[in-house]
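Student: Here you go, sequence then predicted model.
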Amino acid sequence: MIGQWRLRAAFAERLSRMYGREVPAYTTLVDVSREVNEDVLRARGADAERLGSIARVTAERHGAVRVGTPEEMRQVARVFGALGMHPVGFYDLRDTASSALPVVSTAFRPVAEDELARNPFRVFTSMLTVSDPRFFDADLRERLTAFLAGRELFPPELLALADRAEAERALPEEEAERFLDLAVRAFELSSEPIDRDWYTALERISAVAADIGGVRSTHINHLTPRVLDIDELYRRMTERGIEMIDTIQGPPRWAGPDVLLRQTSFRALAEPRALRAADGGVSSGTLRVRFGEVEARGIALTREGRALYDRMLALVDERAAHRPAAERGDIARAVWAEHLPSSERELAARGLGFFTYHVVPDRPRDGSRPPTDIEGLLDGGWVRAEPIVYEDFLPRSAAGIFQSNLSDTGSRNSGQVGSSYDVDSLSGVLGREVVDPFALYERQRDRSLAHVARALSPQGAS
Ligand code: OOG
Ligand code: NI
């Protein structure tokens, strides 16, 4: 039997091979990421692996897929469920960007620590908000609904195998092979001709709507490797003549600890697609949809830390508003230096970052009682703190990534009231709970604290 984590690892690898064939620039990105990671490892030694072993970081990818309907969303959840990936976090991108982004999203990923360590593959998954009248008027909504109802993204055989894998947490070898084959195929770019008028009608609203609802299949939109020095990666890609978007999204480069997530991408490439005109004639055209993205991950922030991050972003926006774009990085660095602790120790002590805590073997043995607060335990040399890496996404960065790759802003009727989608309605759509990411990090931290408490209690001392 092939267990879920091996299915997940095999799926990530096959998807990566397929995507490399379809988008050769992706292979360049993976190669350059590997080179940068090797150089960082050489230069920084063990410290380079503080946020994940080099084996994990090298294999680590996230993908992005987009679907059209609640039904399709439920189906994609079954495919990822087979791989031990659960919906975590709710992202509403509709109001985060100036471009029209009519989607709400979640990320499917493993949630248990040991599963993440085995293979951390995650997929940012977006669903078109067909019922949002700001984007789709009654007529278009009706046509879109009919179009989406008439397509099948995932064959019944794939879904049946997925359900079996999820229920039994494994598949026999032959079925596993079949499942992986069908699953990877479901995310390949289709060569079926695209109805040009229909695609264009949707494109006027939003390029993302066209990419999702203008075609009869879905596809992997990007696959993102993880890199240990994203500034260096950016430089090397630019040196190779690959045109990157003009910023790195998320936190600025600064002297303190890496937190959350920094991402950048190269612009969507023109890919040949067959287009069918109204008279039935098929011609070849190009569409710019798929791009290459790369990311660096840092320490997960607590709710308080995250609120501070959001305040800092607002402050950077405010100060950068009337200054040349080139100054934004310096402005951000200054804001960070003012507000965010510059050491892991302080991040932990001020309750801004998530860490696990571990009793130190050579802790005081002079009979003194350990302090009862984390700060005291750290200062007194009783415990050490290990950072918890951020496993999720950032709505504003996600919107920035979507947006930087759209050539047109699309349109939105702001006179209408947006239909409401939230974490509960998405859970309802999926028929599974969308997990709160903070709760996962808290659980991980609290488990480690419970161990510490046991080990340091007079009975538990060893
Ligand atoms: C998803 C964009 C968001 C990320 O890394 O934040 C994303 C998409 O383009 O479908 O992947
Ligand atoms: Ni992405």
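Tutor: Arrived safely. Ligands and ions are numbered 1, 2, ... in the order given.
Student: alpha carbons only for contacts and neighbour counts from here, please
Tutor: Noted.
Student: What separation do you get for residue 144 and residue 221?
Tutor: Relative to residue 221, residue 144 is positioned 21 Å away (CA to CA, to the nearest Å).
Student: Also residue 294?
Tutor: Counting by CA to CA, the gap from residue 294 to residue 221 is 13 Å.
Student: Equivalent analysis for residue 341, please.
Tutor: 36 Å.
Student: go on, residue 419?
Tutor: For residue 419, the distance to residue 221 - CA to CA - is 26 Å.
Student: Give me the more crowded residue out of these two.
Tutor: Ranked by neighbour count (other CA atoms under 10 Å), residue 419 and residue 221 place residue 221 first, with 20 against 11.
Student: Tell me who's in contact with that one.
Tutor: Going by CA atoms under 8 Å, 6 or more residues apart in numbering, residue 221 touches 63, 64, 65, 66, 289, 290, 291.
Student: Assumed the second one was part of a helix.
Tutor: What it means is residue 64. No - the assignment for residue 64, made by DSSP: H, G, I helix; E, B strand; the rest coil, is strand rather than a helix.
Student: ok, it touching residue 187?
Tutor: No - checked against CA atoms under 8 Å, the pair residue 64 and residue 187 is beyond contact range at 10.3 Å.
Student: number of nearby residues for the nearest residue to residue 313 once chain neighbours are set aside?
Tutor: Excluding its sequence neighbours, the residue lying closest to residue 313 (CA to CA, 6 or more residues apart in numbering) is residue 332, at 7.9 Å. By other CA under 10 Å, 22 other residues sit near residue 332.
Student: so who does residue 332 touch?
Tutor: 251, 252, 313, 316.
Student: Secondary structure element for it, which one?
Tutor: Per DSSP states H and E, residue 332 falls inside helix 328-339.
Student: Averaged pLDDT, that helix. What do you get?
Tutor: The pLDDT scores in helix 328-339 average 95.
Student: Surely residue 80 is in a strand?
Tutor: No - applying three-state DSSP, one finds residue 80 to be helix, outside a strand.
Student: What distance do you get for it to residue 280?
Tutor: Per CA to CA, residue 80 is found 37 Å from residue 280.
Student: Looking at the two, which has the bigger crowd around it?
Tutor: Per other CA under 10 Å, whichever of residue 80 and residue 280 has more neighbours is residue 80, with 21 against 9.
Student: Does the more buried one touch residue 110 like I think?
Tutor: No - Residue 80 is beyond contact range of residue 110, at 9.6 Å (criterion: CA under 8 Å).
Student: list the residues that contact both of those two?
Tutor: In the contact map built from CA under 8 Å, 6+ apart, the residues linked to both residue 80 and residue 110 are residue 86.
Student: which residues touch the residue in the chain positioned nearest to ligand 1?
Tutor: Relative to ligand 1, the nearest point of the chain is residue 398 (3.3 Å; CA to the nearest ligand atom). Neighbouring residues of residue 398 by CA under 8 Å, 6+ apart: residue 93.
Student: Check it and give its pLDDT.
Tutor: For residue 398, the pLDDT comes out at 90.
Student: helix/strand/coil for it?
Tutor: For residue 398, the assignment made with three-state DSSP gives helix.
Student: How about the residues of the stretch 351-462 of the chain by ligand 1?
Tutor: 393, 397, 398, 401, 402 (CA under 6 Å from any ligand atom).
Student: same deal with the chain?
Tutor: Selection of the chain residues close to ligand 1 by CA under 6 Å from any ligand atom yields 64, 65, 66, 124, 393, 397, 398, 401, 402.
Student: Of those residues - the most surrounded one?
Tutor: Busiest of the residues of the chain next to ligand 1 [other CA under 10 Å] is residue 66, holding 25 neighbours.
Student: Who are the contact partners of the residue lying closest to that residue once chain neighbours are set aside?
Tutor: Leaving out its chain neighbours, the residue that sits closest to residue 66 by CA to CA, 6+ apart is residue 126, at 4.6 Å. The contact partners of residue 126, by CA under 8 Å, 6+ apart, come to 64, 65, 66, 67, 103, 104, 105, 106.
Student: cutoff 10 Å now
Tutor: 64-69, 73, 90-93, 102-107, 212 (CA atoms under 10 Å, 6 or more residues apart in numbering).
Student: ditto for residue 190
Tutor: By CA under 10 Å, 6+ apart, the contact set of residue 190 is 215, 216, 217, 218, 219, 273, 274.
Student: And for residue 292?
Tutor: Residues in contact with residue 292 (CA under 10 Å, 6+ apart) are 23, 25-30, 221-225, 244, 264-269.
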